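Student: how would this look folded up:
(one chain, ligands or ions: 1)
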Amino acid sequence: MLSEKARQEIRTLCQQYPSHQSGLLAALYVAQQEYGGWLPPEALDEVATLMGLPATYVASAASFYTMFHRKPVGHHRIEVCTNISCSLLGADHLLAYLSRKLGIQVGETTPDGQFTLLEVECLGSCGTAPVIKIDDQYYENLTEEKVDHILDRITTGKGRAS
Ligand code: FES
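Tutor: All right, here's what the predicted structure looks like:
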């Protein structure tokens, strides 16, 4: 169940946006944070009720956008763009490399709960393809070596890699 703080945040969003529909994505972000990075059905129902929107409308929005997760995810979400620019510059190869390196398929989470591997649409950084996003950080012009460096920095607790 959403905390009172989150419920109040969503009520405030309803007042800030010209319509409840236009504030929906921001509200889903609030709910996803509350539920530890994903949106179970009850979270969608709560958002729908709070915003006075049809449950099917809220569920459709959550399903359409890849930044919303409909099942539990790992501590770090690795989102690999495989849209046209990234694909032309080796994104499919990088995705396969990450899959092998982590020992999981797209949509799965490593057994230790650290990483979830996701394939996403354009991340809006086509000029620096191939691009991945880990949590809220973009990594661009990627190679296998850079991916190794990035994951090493994350797993050793040295924070973000450049
Ligand atoms: S195609 Fe990958 S960021 Fe746009």
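
Student: Spatially central, which residue of this protein would that be?
Tutor: Centroid-nearest residue in the chain, with C-alpha atoms, centre = their mean: residue 67, separated by 3.6 Å.

Student: From the ligand, how far out is that one?
Tutor: In this view, residue 67 and the ligand are 14 Å apart by C-beta to the nearest ligand atom, to the nearest Å. The way it works is simple: take the backbone N, C-alpha and C, and place the C-beta from them, glycine included.

Student: mind checking which helix or strand the nearest residue to residue 134 once chain neighbours are set aside is in?
Tutor: In space, and not counting its chain neighbours, residue 134 is closest to residue 78: 5.2 Å by C-beta to C-beta, 6 or more residues apart in numbering. For residue 78, the element it lies in under DSSP states H and E is strand 76-81.

Student: what packs against that strand?
Tutor: Under the contact criterion of 3 or more C-beta pairs under 8 Å, 6 or more residues apart in numbering; DSSP states H and E, strand 76-81 touches helix 91-102, strand 115-120, strand 132-134.

Student: quick revisit: in a helix, the residue nearest to the centre of the chain, correct?
Tutor: No: using DSSP: H, G, I helix; E, B strand; the rest coil, the assignment for residue 67 is coil, not a helix.

Student: contacting residues for it?
Tutor: residue 120 (C-beta atoms under 8 Å, 6 or more residues apart in numbering).

Student: Quick check: pLDDT value at it.
Tutor: Predicted confidence (pLDDT) for residue 67: 86.

Student: Give me the phi and psi for it.
Tutor: With angles defined as degrees, to the nearest 10, residue 67 sits at phi -80, psi -10.

Student: how far away is it from residue 8?
Tutor: 23 Å (C-beta to C-beta, to the nearest Å).

Student: Helices of this structure, start to end?
Tutor: 4-16, 24-34, 41-51, 55-64, 84-88, 91-102, 144-155 (DSSP state H).
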